[in-house]
Each structure stands twice: as structure tokens, then as C-alpha cells.
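> Model the structure of this input:
(6 chains)
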There are 6 protein chains.
Amino acid sequence: MSRPVTLFTGQWADLPVAELAATCAEWGFDGLELACWGDHFEVDRALADDAYCRERRELLEQNGLGCWALGAHLVGQAVCDRIDARHQAILPPEVWADGDEAGVRERAAERMKDTARAAAALGVPVVTGFTGSAIWHQLYSFPPNDWAQVQRGYEDFAERWGPIIDVFDAEGVRFALEVHPTEIAYDFVTTRKTLAAIDHREGFGINFDPSHFEHQFLDSAAFVTEFADRIYHVHIKDSIRHLDGRSSILGGHLNFGETGRGWDFVSPGHGDVDFEALLRALNRIGYQGPLSVEWEDSGMDRDWGAPDALAFVRASDFAPSTLAFDAAFAREGS
Amino acid sequence: MSRPVTLFTGQWADLPVAELAATCAEWGFDGLELACWGDHFEVDRALADDAYCRERRELLEQNGLGCWALGAHLVGQAVCDRIDARHQAILPPEVWADGDEAGVRERAAERMKDTARAAAALGVPVVTGFTGSAIWHQLYSFPPNDWAQVQRGYEDFAERWGPIIDVFDAEGVRFALEVHPTEIAYDFVTTRKTLAAIDHREGFGINFDPSHFEHQFLDSAAFVTEFADRIYHVHIKDSIRHLDGRSSILGGHLNFGETGRGWDFVSPGHGDVDFEALLRALNRIGYQGPLSVEWEDSGMDRDWGAPDALAFVRASDFAPSTLAFDAAFAREGS
Amino acid sequence: MSRPVTLFTGQWADLPVAELAATCAEWGFDGLELACWGDHFEVDRALADDAYCRERRELLEQNGLGCWALGAHLVGQAVCDRIDARHQAILPPEVWADGDEAGVRERAAERMKDTARAAAALGVPVVTGFTGSAIWHQLYSFPPNDWAQVQRGYEDFAERWGPIIDVFDAEGVRFALEVHPTEIAYDFVTTRKTLAAIDHREGFGINFDPSHFEHQFLDSAAFVTEFADRIYHVHIKDSIRHLDGRSSILGGHLNFGETGRGWDFVSPGHGDVDFEALLRALNRIGYQGPLSVEWEDSGMDRDWGAPDALAFVRASDFAPSTLAFDAAFAREGS
Amino acid sequence: MSRPVTLFTGQWADLPVAELAATCAEWGFDGLELACWGDHFEVDRALADDAYCRERRELLEQNGLGCWALGAHLVGQAVCDRIDARHQAILPPEVWADGDEAGVRERAAERMKDTARAAAALGVPVVTGFTGSAIWHQLYSFPPNDWAQVQRGYEDFAERWGPIIDVFDAEGVRFALEVHPTEIAYDFVTTRKTLAAIDHREGFGINFDPSHFEHQFLDSAAFVTEFADRIYHVHIKDSIRHLDGRSSILGGHLNFGETGRGWDFVSPGHGDVDFEALLRALNRIGYQGPLSVEWEDSGMDRDWGAPDALAFVRASDFAPSTLAFDAAFAREGS
Amino acid sequence: MSRPVTLFTGQWADLPVAELAATCAEWGFDGLELACWGDHFEVDRALADDAYCRERRELLEQNGLGCWALGAHLVGQAVCDRIDARHQAILPPEVWADGDEAGVRERAAERMKDTARAAAALGVPVVTGFTGSAIWHQLYSFPPNDWAQVQRGYEDFAERWGPIIDVFDAEGVRFALEVHPTEIAYDFVTTRKTLAAIDHREGFGINFDPSHFEHQFLDSAAFVTEFADRIYHVHIKDSIRHLDGRSSILGGHLNFGETGRGWDFVSPGHGDVDFEALLRALNRIGYQGPLSVEWEDSGMDRDWGAPDALAFVRASDFAPSTLAFDAAFAREGS
Amino acid sequence: MSRPVTLFTGQWADLPVAELAATCAEWGFDGLELACWGDHFEVDRALADDAYCRERRELLEQNGLGCWALGAHLVGQAVCDRIDARHQAILPPEVWADGDEAGVRERAAERMKDTARAAAALGVPVVTGFTGSAIWHQLYSFPPNDWAQVQRGYEDFAERWGPIIDVFDAEGVRFALEVHPTEIAYDFVTTRKTLAAIDHREGFGINFDPSHFEHQFLDSAAFVTEFADRIYHVHIKDSIRHLDGRSSILGGHLNFGETGRGWDFVSPGHGDVDFEALLRALNRIGYQGPLSVEWEDSGMDRDWGAPDALAFVRASDFAPSTLAFDAAFAREGS
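Have a look, this model is predicted:
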């Protein structure tokens, strides 16, 4: 049996969830990874109103859709980040409040604990999201970094997320960091350091999204193999490099989709990600969770793209073998 | 005749300039690009003490060395940067003072004007250096950037550097920005925007250093061809990529020389830079200034490396042709 | 909405247009780019007989087909070419006449003017075609070229095509040169020179066909980006390189399809052209005209290939985005 | 008309042939390449029982399937091999008998002659299979090989297979060696030597399988072009390389499908084989026999894979052209 | 012992041979490949004046130089070419005469016979040169070629050069065509056809120059291996590709050295030619003739370049092994 | 200080050691890695004759040469191998004796113990060599391997080499396996298994030779990084791939140097090995032992090659840095 294919609703938050659910059902998705913004999944209402989670479940069931994960990227980002005006645009007003850095971080952390509680209430085992990072801005730094300060960034992460993961553990829900530039972990080295910083707690794992690896020249299949026991959720998203000697791999301070960027996000199957190798690796490690399409392509109409992406995943996601090789071949002499 | 080969003294500032000059003379360099830190070239003393510049000249002459540029990277960095603790480590105490951001920027700008005056006093036509950047930290940003703010970064640069370049113009000296990540310009797109922001003033040009282009997958020869009339100085420095699927091109929050980095600086000729193509392009655009070795290689002894680098440049820098192709070949019938 | 997909009828001129139109309709094409040879579109009859254009229109309409361009490659070729026996095989007898070079060129030019008039009569806004070239044979020359003579080739082109474009302008029709080896423009450099020679007149633009760029190692997406305002029509045709160290990229004086050629034309999607990048670039520049399949593959049955090509274009040509990236994503805080 | 697509039944010998035939018919295969083991095709029964071949034919016909080849890999392997315990597992008990090397080889040779006779009785023109090799173990040898002994390996092959091919000739059947590591021929050089050793007899040809060429970095299209007159049968099977600097192309003494192997077999279309180039070459040489899917993929469920493979072949195998290029294009002037 | 390294004097014909010989001796060349133009080697004077050849020999000997070949490219070019104004610039006046095509070809052919006689008089065993070609202009042709006419080009070559080679045979001298675009042979396929056309006569062989192969993507080592028995002379010349997606491999109707060309000639060791592989192949086929530097680099001063080229060849041209591999290693047990 | 550069004498065993030592001294080598065959270093005489080791030391000292390792490849090979006629050619007669497999293995194991004793007597801390392998012939096997038998190969190795390493430990000498196809370890995977099989005993380490990794597509720098604490000795030897689509990476049952092989050994610096990366990795792991040139190149005269190789190593082997990066750069503010 193949894995369920879901749509992450974060990029569709301008649509009411009821409308989006109907559309996704029509396209043939198996479920939704509900974003915790817009009206898709409201953590505060879920905790305040006993009926809320039941109604969401009913909405999904009426459309024949499942839900295996919530997406809490926006609030999670504020937990470790240095806070500035950009955060106001993505945070709920009550988390932003007066925008004071320490307060924002603290309120964001509390909201993440509530998200674990709400996920449990909804009956969803995984929350995907971001952690933010106190040291991302030190990626390529001049004047030179104080490397001890970089190390302190991992410690800061552990201090802020430890208590959050305590609540996840208590609720029987797991957090899955989307390994991603701008977060505390974004490649092999930083993921190793991040997992070590938090003592390899089982409550803290990975939402693997290959689109963030391709422009870093990282091997997605090797990553899921190395971190096999922490792959809790998988995004299907693609990216492509345009390296013609004039476009920087760093992005050139250009928005996605602008001419001259050295790489860009594209609809799954339209980019450089080797999904065949990734899916074979997921087969080998026994990953059975959803494949969740996070659809972002600044050059494609999203209503053209989402069903195209779904068809691509269906055609790419094959069942693993249940026979040993040559088992049938070599039985003559027996 | 080939171009002069100089050593940029910035990475040797732990040595007294007198000692370094003697060593470079022995190695066979043609001159020094004097750093404006350590005791190599002190801007304040040059302006305060009439004898200072004469003594520096004499020191160079005694060692048979020329000087075609001063390097003012450290102070220049503070002009546009958001100021933090890292800057204290690289700024003169009187520029840092109380470390207040607005004041540091202002004092740094004034010191850059003084640097133009000091260069004129020394008789040196070019000052190389950094500009800093108010927007570098927005390179890859989540929450998403406000793109209008990115645009304001170029305007901020123009406002701060315009008055500085006025002094350069008045002194008959030119400033050459080392196009470099962490600066306002670091690739083709950002250089175009930077030069436009400052109205393509002749006083503001480029110190081209290919080591910052290789890890961005940019074509150094194409760059000097496009910006031919603004190439005022050239650094010879190399870098190498290590892309094995486990090492990120972004650097992994690792210091230079650490295992696992996706790229690193190396001694010239030991990396990926195509110096042949670069030197041919410099020949074509008629660049006649120095080739200045900026030596940085965290895996090589610098006393082994500097003469190795010099020998590499000597062997690579050939004279351009003075004959039209086939001129000799095709004259039979005349 | 996607762009219309048409078939260029030039390679099917052995079939009566009525038969071909019925077949194309059955395959599902949106229209035809009618070749001005065979019985597909006869310029002389269109001008002489008032009913002719109406009948052609009716034929198309009966088959549910549109027409956005005429193809006038054969006659156009003779305008600038050095004339020899090869031209007799492709020219109408009345244009060839006695085959005298000056006369052939002159009659070809007049026929091109008539083609503009006939296109207007038919109500078609674009005529695609070739220009010929007085200097193509000097591509790789020994004895060495007289480079002034090469320059005169561009002037010759401008002199011959200027009066033709006058008629196009008068008729409100535009000419679209298929940039192509053997023509006055075949790459970036020669296209720049060609457009400059004819003063960037709006009546003279480009029929872009990527199959002529791939074997030259040229970037099709970069080309349509650079010449965005002159892309008047697009051919969908593919080519493939076979570079095994024994086969020359120059073609080896071998006909298409022969073993040993270093490259060959193939059915769209079966070769090296990066159509995804090309179509994204066409989206970015706002090209809304037809995608016209010019089907040539010496190793494939054309009746197998044409519908295969159509299916390929339908699957590849997606609608551009109408949303700014992250628009939905980042609205939480508002 | 396209070529028939068959399934080689060797990897499905755990299923009764009646069941497999029904399944293949449902999937849409055109026929079966029957393996001479399991109950698929039993050589001894075919010769002993007049009804056997008729019943097999009827079974195929009832399922609308054809048969163009028998597969006799297991017994053929023992003809030239150095015999050890591995052979007992693949040989019929009566061929293995006491396992004495000389006897096993002799009995295997006799069985191959019987296979020719049985193929004739069934009305099948080709038997595919292996030859074994007395020198395979000398592939990479230390202590160094005695190269005269390597040469004697080809002679040994010729001596053992000459009499077998005599019977094939007499029966009007041809043997097609699957060129394959572990066999006397596995690349260009060894195939040339093998065909020379057996005097280029027409009764001895090739079953071409590209999956054995890809991990050797060999050009499948070039191979079928060079040995065009000996391509008697074609397998459709794919393989993929995983060369990440830690995985050896030699395979690492790892079984197929284990993490760390430098290459692996995969379902057709999922690997590195350039089937487009191969099929074009087969078109050019006029190969009209079956394309026989030999399905092996240790990471995919075979019931998912076989119909996926069939669809891939159907989409890839196009009819060659029956027109000369430009024939239609260039007829204007006639 | 290594092979002699000579300089082909064709690109230095603006210098008197006496001056050039002295310079080359100083640089350390072993000899000169004398061009038959300028005052380097004058065929008519050599046949008319008994002293001429003796004086040339003395000049060489006084400078310690040998001579293993004459270069007769300019006149040879006119034998098969379609004649136009370009030829007047490269031909001696008496060969050009009135410029009538048939006459020029005939006089050029006679001069080539004289060149054989003069080479014999000088005691030089090889004449290198060009053949011209009646079909070069049909390389990439639209309107489509008449392929029978292409075939006639090879026959035309054989008819014109057969009588010339008769004289070479009679004189005991061999002609070595520099396989080169613009000539009758320029790649594998055309060389095969050319040698076949002239019946593989021993008097007609090849002057191999790898610089003409690199931009065609041809394998130089494979070429000298295939045509081993016809490699009579070798040029050392290099070329480099600049394929950045904007520069055509066809050259763009640009002169050598212009920005935007897709490839260019460069000094040996500065380009893409794999000289190591070429020299190993020459070792394997037993080539013992000179390695003759044909120096052309439009971006390098020739007086800097020629000695650089010589040093490159000396460092690259190693002696072949005289021992069988493992001969020493494996002798313990004897 | 750089590392000593030695020559491994194994391929020069046809020369008396006294002659070879004098030649190597003249070439400038720092020492010899003495082969335990020919008269270079005779284990039996070293144990039997008290003067023998002293005389060898004196010979080396007289030539200014050091010795850091003995090479015992030939006898070591027989410890685990399946024994056949090839071994007679490389073993001392008293080890071969009657050639009975069990006896040969046992005598070879005893001779390896004696080699440890002789190395101690000579004062040499490392013995390099081979182990042989009981399972090498199962590399690519058909009929399929019994994988339990493969596993038993590692156990067989451990059983045979454990007692040998006991003697090495007792003598204070370490054994360094040259990881190499045909041995128990030849890549990453098999080295991990081999070291695990022998319990990571310190007495058993690695003689790293990159020439055996290049044709397997393995990353030499990554290997020495992973196995840093077991790199006891390093060979400098190169290999090159010739993958033109006709030559198999498996070697094609061709001897080294034959046309058509897919890879070959070549003199250091003439092949594909990335020595820069390897030497940087050796710097990082702190390897301070010799770089021992094992010279094998079937296409080069060894007397030309050995000094060329020495010069290559001298130019490539630079000293590591003793300064932290930016240490000098960033000291202004202090």
C-alpha cells in the first residue's frame, strides 16, 4: 500500500478551510496538513471550544480527508529568533502584543505548548514547524564570528525548546522541525548539533523537505538514511538551480521568481530533487507517514500546479518489495 | 611587460611592517597593498605627522617595493553595517568609542574620508575596502523580507558613501569596493544595483577578488568584462568547493578550515578559480594595475604559501598579444 | 488559460491541406501555421482570387482550427542568399525563372512583400520565415575572412529587407525571422547585430525555435529574456547531441538521421532542449502567442510523432502564477 | 507497427506458468519469454511428451500471448563455469547429479542441445541464456594473471559451445548470449573476442540487456550498432549508479538492494539506461524482435513494477520513419 | 629518448627565416617545420637554384636545428577549393595569376608536385598541408544539400590529389593533410571517406593537430589510434571552449580573440586538449616523428608564448615504458 | 616540516638493492620502503644472520636514506587466498613448497610473523602488505552468492590474521593492509567490516593507496578522514579512467596498458587522484609518516617517471597552518 498524499494548507490560507477541503477532495488528495493560521486550524479556539476539534474532524470526514499533522511554522519561528518587524506580519496579535523581544519569544513558546495540546485534542500525532534561530544571521559573517557565540545558539535553542517538548511528550505528540535555512538546523552538520543539543529526545524530530537541500547541494536520500529514526513527516516540494555564471546560488537579495536568482522553488517534479532516490530511501527506512505536498512555485498557477503535483506523487510513490532478490530466480535446484 | 604582483598585508598584521617588507622583498614581490591596521599604515598618524608618509615610502623603497593601493576594509565595514560586538574587535578604539551604532557609523565614515586624504599624502591612487551593508542579514530570510526595505539598503549605502566619495574625488583617489558577501555588492545583480545607486560615479569602483565568486558559481571573467570600466584593483585569492552531498555550500555555521564546510579559501592555484580565463579577460579590458595576493588558507603554512602564490601568479600572468591573428600567416599574396 | 498549440505544416506539404487539417483536428491541435508552399497557402492565388482566403478560413473553421501565422521560409531564404542549384528545388518556378542571382533575389523580395499582403488578407498577424544570408558560407573560413566583408553582410541584409518590412508595416503584419544557422542571425551575437542593422524596427522580430540553439550550446531561456520584445512566434522543436568523441558537433557532412552525426533533430521532449526553462521564460516575458510544433525527426514515424508532440506540449505548458509568492502564507498578522 | 513486449518469466518462477500467463495477459503483455525452470518450460518433458509443447502453446493462445524465445540461463551457466556449490542451487538435479565438475559441464552442454531441440518442437526461434566462463574469476586478479590462460578461456568456450551450436543450426534455432559480467562476454572487447573465437557463426548471437552495461559505463546504443547482425533478442532492464564517494562501483560484496552498493538493478525507466538512444539504434539496425522485460528491482513490489514497466516500454517504443528527412519540405520547386 | 620538438614557422612569416632560426635556437627548439611562404622555404627557388637547399640546410645546422617537414598549407588549399578573393591574399602571384578558378586549381596542383620535388631536394620526408575542399560550404546547408553532390566532393578530391601523390611517391616524400575544418577531412567520418577515396595510398597521410578536434568534441587519442598507420606528423596546438550559454560553438562570425566566440585557439597547455592522453596514444602507436608547435593565441604575446609552449611540450613528452607491467614485481617465485 | 618521501622498491626488484639505493639517493628520495623480495629485504636472512639488518641499515645510511616501512605484499597475499598456480610465481619456494592450499596458507602466516620479527630487528615500525581474501572471487557472482559464505570470509580473515597480529603486537610493529581490490578490504564498506572482524586491534591498520580508489569512484580524502586512527602508511600512486562508452570500468580482462581498458595505473600527478584533497586530509588528521611512491605506469619509462613523481610529491606536500584563520586579520581592536 502506498502512503497517503496530503496538501499542506499554509500557502492557501487566503481560502477558507471549508472551500479548500472541498477542492482538495475533488483533486483527489488523501488529506490535509492543516496550517495553524488563517481559519484552517486555530489553536486558541481548539483549546477554548470543545466543539472546535470535532467540527474540523467532521469537515475532513465529509470530504473523505485524513489529517496526520498540523503545521505550526509561524509561531515556532518566533521562539528562538531575534525579533523584528518581519515577525509582526506572521504572528497572531496576541503573541506579538507589544513586540518586545523577550515577551514575544515567551508567548510563542507558550503557544507552541498549546499547539501540542490542541493536536492531542484533534487526535493528530505530529506538529510540523520551525524553531527560529538566534544565530542564523551569523551564517556568513564579517566581522568574523565569535564561534563561542555560535555554539551558544544551539544551547539557547535547547533551553527554549526543552520545556516545549516536555508538553509534547506529556500529550503524546511529536514535534517535527522542518530542516530549513533560517532555522537552527538546515543541513547535516547543524542537524547533528541540534539533535545533540536536545539530547536526542524522541519528542523532537524532523519534517523532511528536500526543496531546502537541493540548492545547498545536499543529498536528500543520504539525509533520511542518517536520521532515519527522527523522520516524523515528509514534505514534497521541489527546487531548481539556475547557475549560468551570472546568478548567485545565494539568491542575490531577489525575491522568489525574479529573473537572476540562482535557485527557486518549483512545483514537485519540475526541479532538481531526485524524488526517486528519496522515496527509495524512505522505503528502506520504513517511513509510512504521509507525503505532504507543500506547494510553492512563483511561476505557475497554483490551481494548475496542485493537481499536477498530486499526479506526480502518485506516479512516483511505489510500494517496496516484499521478496528477496533472486528468490524466485534461484529456486530451480531445490 | 607583466603587471606588478603585490601582497595585501591584512592577514600579516601581527608582524611589524618593517619585518614583513623585508620578507616580501626576499620572496620577490613587487610591492605591498598596505593594510590600514596594525602598524602597516596608520591613517591618523599619516595625517598628523608630516614625516610618516615619507618614512613609509622610504621603507618600501629600501626594500625595492612599490605601493599601488591601501586596504581599508575594517573601518569601511562599519559605515553601513548594523553595529554589534563583532565590530569592536576590528575597529580602532577611537572609532568604536562607546559603540553606539549611529556614532560608530559616522566616525567610520569620517575615518574613510581621512583615509582618502592619507592615500593622497602617500601618493597612492586607490583605496580598497568594504562598505558594510544594512541588508546583508536579509539574504535568506524567514519571516519573508519586506522587499521595499531591501531596496532602502541600497539607498542607505548611497547616502552614506556619497559624501565619502566626494572627498575621494577631491583628493584624486579612487575607492575600490571588494565585491564580497556581507557587503552591499557581492554578485552581478547587487553590483549593478550598487553602481546605479551611487550614479556610476567614477570615484567608486571595484576591487575584484575571484575567491568570493567561485562558491557562488559566478563567472569571474564575465564579471570583469561587464564591469570593465570600474575594475580599479584585483586580488588574487582562491577558493574551492567540497560538495559531497553532506556539506552545504552555505558553510554550515562552521569556521574556515573545519571538516564539513562546503567551500573554503585556499592559496591561489589550489582551488577552483579559473585564473587563466580571468587574466585573459583582464588583458582584454586593458587592466594594468597590480595583482595583489590576499593570502588566506587555513590548511597551509603561510610562509610556505606566500612564495608559492607568488610563483603561481608569475607563471600565470602573460603579456597580451600585440599582433592581429593570422597577420603573419596571410601575407603571402601581397 | 494556456497558449494555443499549432502544427507548422511545412514538413507535411506532400499532403493536401484539407486532409492535413482534418487529421490535425482529430489529433487535437488548436490551429495550423500554414506553410506558403504545396497547396497549404498559395500567396499568388490569395492575392489574385478574392475567394481564396475565405475558403482557407472556412476550411480551418470547419475543423475547429485557428491560424496565427504563415510560414514563408523557402522564398525568404532566397532574398539574401548566394543563389545556386539548391534554390531551384525550393522556389516556385516563377520566382526561380532563369535562376539568375540578382533576379531571383529581387523576385523573392517581391514575393515576400506579397506574402505580407496575403497575410493581411487572410487576417494573420505574423509571417515566420528565413532571410537567407550573404555571409553564411564564411562561418569557418580558410583562407581567412576579410572581416569587413562579414560586416557588409549585415548591411546587405538591411538593404534588402528594409523595403520588405515597409510593406509589412503598411499591412499591419510582422515578420518573424527563425533564428537559425544558414540565416543572417543564428545566435546571440548575430541577432544583436541583425536587429541593430535594421534599426530595431518593430516590424522585424523573431520566430524562436530552440532546436537550433541546443547544438550550439546556447541558453534558450536567456535568449527569449534578452530579446523579449521581439519574440513574435515560437516553434516547438527539439534536438539532441550525440557527443561520444567520434561524432563532430559540426555534423560531419552527414544527412540528418545518419549514424555518426554529432547532433540531430528529434520530436519535442525526446532531446536536450529544456522546455521547462523556456516556457517559464516565455511566461515571464508575457508571450501569449501560439506554440507551434515544427515536427522533424528522421528516426520516428511522423504519424506516431505529431500526437506525441502535442501531448508533450499540453503537459508542459502551464499557466503562470497570478499571485505573489508568500502572499497567502504571510497574512496572519494583518 | 511496434515490437511485441514480452515478460521474461525467470524472476517469477515461484508462480505456476498458468497463473503468470493469466496475470500478464491482464496487464497487457504481448507474450512471454518462457524460462526453462520452474514449471514454465521443462525441456525434458517437452522432448519426452508429444503433448507438452502443444499444451504450452494452447495456454499462451488462450491468454492471447505469443512466445518468441525461451530463456535457458541456469543450465547454460554451467557449461563453461568452474563448478562449485552455488551451481547446485540453480541446476536440475539430473544435471547436477554428483556435482563433479567435468560431468556437470558435460551434462549441461547436452541439456543445452536438448533445449535447442525443444525450442524447435515448440516453434520458438531463439534461446536466450548464459554461457558461463572459465576465466571470469580472473577479472581483477592478484597475483597477476597468466594472460595466456585468459586467452585459453575463450578457446575453452569455443570448444564447449561449438557442438551445441551445431545442434542449434540443425534445428534452425539460434542461441542468444546475454552479454553479462560473469559470462564469457560482458563488454565490447570480450564480445569481439567471443564472436571471433566461435568464428562468427550465425547460430551464436546476442541477447542484449542494457542493465549490464550502465554500471560499466558502456554505450548501449553503440553496442547494438557495432554488433547489429548478431542482436537476436533484447531485454528491457534498467540499472542505476549511486556514486557518492563512499559506495564502490564494484558493488562492495553487498547483495542487491543493500545500502552502500555503488549500483543496483531497477525497474525500466527508473535508472540510468538511455532507452531512447537504445531504441533509436534498434530502429536503425532494423531489429524487429520482442522487447522482453526482465523485471528485477529489489526496492519495488513486483506487482506494482511489472505493469509500470510495460507502460514505460509502450510509451518509449516508437515506430521508425518511413520518409526521408525534408522529403516533404523541399518539394516546392518540382 | 624523447621526440624532437620543432616550431612551425607559418605564423612567423613576417620574420626573415635567419632571424627566426636564431631565436628558436636560443629558445631551445630542436628544429623548424619550414613554411613554404615568406622567405622561409621558396619552392620555386629550391628547384631553380642548386644552392638554395644547401644554404637552408646550412642555416639550420649553424643554429643546431633539424628539419623533418615542410608546411605547404596555402597552396594546397587552392587545389580543391572553390576559388574567390580570399585566395589571392594567400597565394603566390604566379599561382593566382588571373584568378580564374580552373587555372588557379591547376597551377596550385602543379606547385604541390614541385613542393614534393623540393622537399626531396632538401632531404625532408614529409610535406604537411591542406587540400582544400569543394564541399566545405555545404557543411550546414539550407536549402538542403543534394547529398550526391557531397559524395562527388570526395571524388573531386581524389581526382585532383591522385596525380600529386604520384609525384610524392616518385620522390619518396609523403604528404600529410592537416585534418581541419575547411578541408576535405576534418573529423573521423570525413577522414575515413577521404582515405577511402584515395584508396588508402601510403603517400597520403595525416598531420594530426588536436586543436581542430577539441571544439568539435572529438577524442584526439582515439583518432590517432584509429588512423595509426597514417599519422605522419603531429602539430602541438591547443584550443579552448567558452560555453556560457551566450557564445555559440560555431564561432558567431567573430574573428579569433573576440569576446563572445564559443571557442578559440590558445597556446599549448592553456586549453582543453588532453595532451597526456594524446602523447600516450602516440607512444602506443610508435610515433617517433617531431612534435611541431604551431603557435596561435590571439590573447598572448608570441614571444612570451613560444618558449612557454616549448617548456610545456618538454615537460609533457615522456618516454614510453620498455618493461612489461609487473615484470619486476612478480619475479619472486622464479 | 614536510613528510619524508620514499620509494617502494617492489616494482624495482629486478635491480640489486645497492644499485637502486644509489639511484634513489641521486634522485633525491628521503628513503626506501623495502620490499621483502628480490634481494631488497630477505626476512629469512634477517632472522638467521645477525649482521644482515646492520648491513641494510649501513647501506641506507651511506646513501642518506631512511626506512620507515617494509613491504610484504606477496607472502601476505597467500594467507587468506584460495591458492592456485598464480601464487607459485610470487612466493618464495619454501613457502610454496608443494603448493597444497592449507600448507601454503599456514607457511605464509608463519612467514608474516617472521616479518614482524625482522622488522623489529631492523628497527622499522610498520610492515605494509596484503591479506589475501577467501571471498574476492565472489565480487560479482552468478550463480548468486550464498551471503552467509561472504560473511564467513571476514571471519576466516580474522582467524588467520589474529595470531599474526599477536606477534606484531609483541614485537611493537604494526601491520598496514593496503586496501585494494583482491584483498579482504578494498572500499569503505569492506574496511569497516574488516576492522570490526579483527576487533579494531591497534596492531592492524591501513596502508592507504589512492590509486585503488579512483577507479571505484571513491573519495580518498573522506576515507582517510573516516579511518584516521588506522592510517599507518601512505602510498603515492595514481590511476586514470578512460570511459569513452566502449571501455569497461571493470577492465575487460585486459592487462594494464592495453588499449580498451577502462582505467589504468599512471605515474603520480598524471591521473585522476585529487592529491591536494588527500594531502589536506592527511594534514588535518595529523599523519606524519612517509609518502611512499609506488611507481607503476605501463606507458612510461620508469627512469623518467620516478624522479618526475618525486618532484610532483615535493611540490604537492605543503606544511599545514599553525595559525588560526583570521588571527592576524582581526586584532585591530584589541
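> partners of the helix or strand where A:Leu70 lies, with directions?
Per DSSP states H and E: A:Leu70 is located in strand A:69-71. Using DSSP bridges, the strands paired with strand A:69-71 are strand A:31-35 (parallel), strand A:126-129 (parallel).
> To C:Thr6, which of those lies closest?
Ranking those by proximity to C:Thr6 (C-beta to C-beta) places strand A:31-35 first, at 40.3 Å. In short, each C-beta sits where N, CA and C put it, glycine included.
> Rounded mean pLDDT for the closest one, please.
The average of the pLDDT scores along strand A:31-35 is 98.
> Show me what counts as buried in it.
A:31-35 (16 or more other C-beta atoms under 10 Å in any protein chain shown).
> How about residues contacting the lengthiest helix in chain A?
Looking across chain A with DSSP state H, the single longest helix is helix A:147-171. Identification of contacts with helix A:147-171 by C-beta atoms under 8 Å, 6 or more residues apart in numbering or on different chains yields A:79-80, A:105, A:109, A:112-113, A:116-117, A:119-120, A:127, A:131, A:133-135, A:138, A:174-175, A:184, A:193-194, A:196-199, A:201-204, B:253, B:255.
> Now the element after that helix, going C-ward?
That would be, after helix A:147-171 and using DSSP H and E, strand A:174-178.
> before we move on, back to that, avg pLDDT for the strand holding A:Leu70?
98.
> Any idea how many residues pack against the closest residue to A:Asp297 other than its chain neighbours?
For A:Asp297, ignoring the flanking residues on the chain, the nearest one in space by C-beta to C-beta, 6 or more residues apart in numbering or on different chains is A:Ser267 at 4.3 Å. Residues near A:Ser267, counting by other C-beta atoms under 10 Å in any protein chain shown, number 24.
> again with A:Pro93
Using other C-beta under 10 Å: A:Pro93 sits among 10 other residues.
> how close does it sit to A:Asp44?
As judged by C-beta to C-beta, to the nearest Å, A:Pro93 and A:Asp44 stand 11 Å apart.
> Which residue would be the closest one in the stretch 101-250 of chain A to chain C?
Residue of the stretch 101-250 of chain A nearest chain C, by C-beta to the nearest C-beta: A:Asp244 (6.4 Å).
> quick one: contacts for the residue nearest to that residue when sequence neighbours are not counted?
Nearest non-adjacent residue to A:Asp244, counting by C-beta to C-beta, 6+ apart: E:Gly245, 5.5 Å away. E:Gly245 is in contact with A:244-245, C:217-219, C:222, counting by C-beta under 8 Å, 6+ apart.
> before we move on, what about A:Val313?
Counted by C-beta under 8 Å, 6+ apart, A:Val313 has contacts A:5, A:236, A:268, A:291, A:293.
> and the two most separated of the residues you listed?
Largest separation among those by C-beta to C-beta: A:Val5 and A:Pro268, giving 10.5 Å.
> okay, and the common contacts of these two?
Common contacts of A:Val5 and A:Pro268, defined by C-beta under 8 Å, 6+ apart, comprise A:236, A:293, A:313.
> Same list (the residues you listed) but as TSV, adding secondary structure.
Converted to TSV, these look like this (DSSP: H, G, I helix; E, B strand; the rest coil):
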residue	secondary structure
A:Ile236	strand
A:Val293	strand
A:Val313	helix
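> you'd agree A:Arg280 is up against A:Ser220?
No - using C-beta atoms under 8 Å, A:Arg280 makes no contact with A:Ser220, being 11.0 Å away.
> could you give the angle of the host helix or strand of A:Val75 to strand A:31-35?
When elements are assigned from DSSP H and E, A:Val75 belongs to helix A:73-80. Relative orientation of helix A:73-80 and strand A:31-35, computed by axes from the mean of the first three to the mean of the last three C-alpha atoms, to 10 degrees: 40 degrees.
> ok so, going back, of the buried residues of strand A:31-35, which is the nearest to chain F?
Nearest to chain F among those is A:Glu33, at 36.8 Å by C-beta to the nearest C-beta.
> Which of the contacts of A:Val313 sits closest to chain E?
Distances from chain E to the contacts of A:Val313, taken by C-beta to the nearest C-beta, are shortest for A:Pro268, at 26.2 Å.
> Can you report how many residues neighbour A:Asp303?
Neighbours of A:Asp303 using other C-beta under 10 Å come to 12.
> what's the spacing between it and chain C?
Separation of A:Asp303 from chain C (C-beta to the nearest C-beta, to the nearest Å): 8 Å.
> isn't there a strand covering that residue?
No - the assignment for A:Asp303, made by three-state DSSP, is helix rather than a strand.
> pLDDT wise, what is it at?
We have a pLDDT of 96 for A:Asp303.
> next one: A:Met1
pLDDT for A:Met1: 52.
> How much space separates A:Pro181 from B:Asp244?
Counting by C-beta to C-beta, the gap from A:Pro181 to B:Asp244 is 19 Å.
> Around chain C, pick out the residues from chain A.
For chain A, the residues in contact with chain C (C-beta under 8 Å from any C-beta of the partner chain) are A:10-15, A:37-38, A:74, A:87-93, A:96, A:242, A:244, A:255-257, A:259, A:270, A:296-302, A:304-305, A:308.
> Counting neighbours, which of the residues you listed end up buried?
Buried members of the residues of chain A next to chain C, counted by 16+ other C-beta under 10 Å: A:10-13, A:15, A:37-38, A:74, A:87-92, A:96, A:242, A:244, A:255-257, A:270, A:296-302, A:304-305, A:308.
> neighbour-wise, which of A:Val5 and A:Pro268 wins?
Neighbour comparison, A:Val5 and A:Pro268: the larger count goes to A:Pro268, with 27 against 21 (by other C-beta under 10 Å).
> Let me see the contact set for that one.
Here A:Pro268 is in contact with A:236-238, A:275, A:293, A:295, A:309, A:312-313 (C-beta under 8 Å, 6+ apart).
> What helix or strand is it located in?
Using DSSP H and E, no helix or strand contains A:Pro268.
> What does the pLDDT read for it?
According to the prediction, A:Pro268 has pLDDT 98.
> any idea how far it is from E:Leu243?
30 Å.
> how about the nearest residue to the residue of the stretch 51-200 of chain A found nearest chain E, chain neighbours excluded?
Closest approach between the stretch 51-200 of chain A and chain E, counting by C-beta to the nearest C-beta: A:Tyr140, at 26.0 Å. Distances taken as C-beta to C-beta, 6+ apart put B:Pro181 closest to A:Tyr140, at 5.1 Å, once the chain neighbours are dropped.
> That neighbour: neighbour count?
By other C-beta under 10 Å, the residues close to B:Pro181 number 22.
> thought it was touching A:Ile249?
No - assessed by C-beta under 8 Å, B:Pro181 is found out of contact with A:Ile249, at 10.9 Å.
> joint contacts of the two?
Both B:Pro181 and A:Ile249 are contacted by B:Gln216, under the criterion C-beta under 8 Å, 6+ apart.
> List the contacts of A:Asp39.
By C-beta under 8 Å, 6+ apart, A:Asp39 lies in contact with A:16-17.
> Can you get me the start-to-end distance on stretch A:28-46?
Separation of the first and last residues of stretch A:28-46 by C-alpha to C-alpha, to the nearest Å is 27 Å.
> Kindly apply the preceding question to stretch A:207-227 instead.
With C-alpha to C-alpha as the measure, stretch A:207-227 spans 11 Å from end to end.
> and it, is it in reach of chain B?
Yes - with C-beta under 8 Å from any C-beta as the criterion, chain B is reached by stretch A:207-227 at A:215-219, A:222.
> That's all I had, so thanks and see you.
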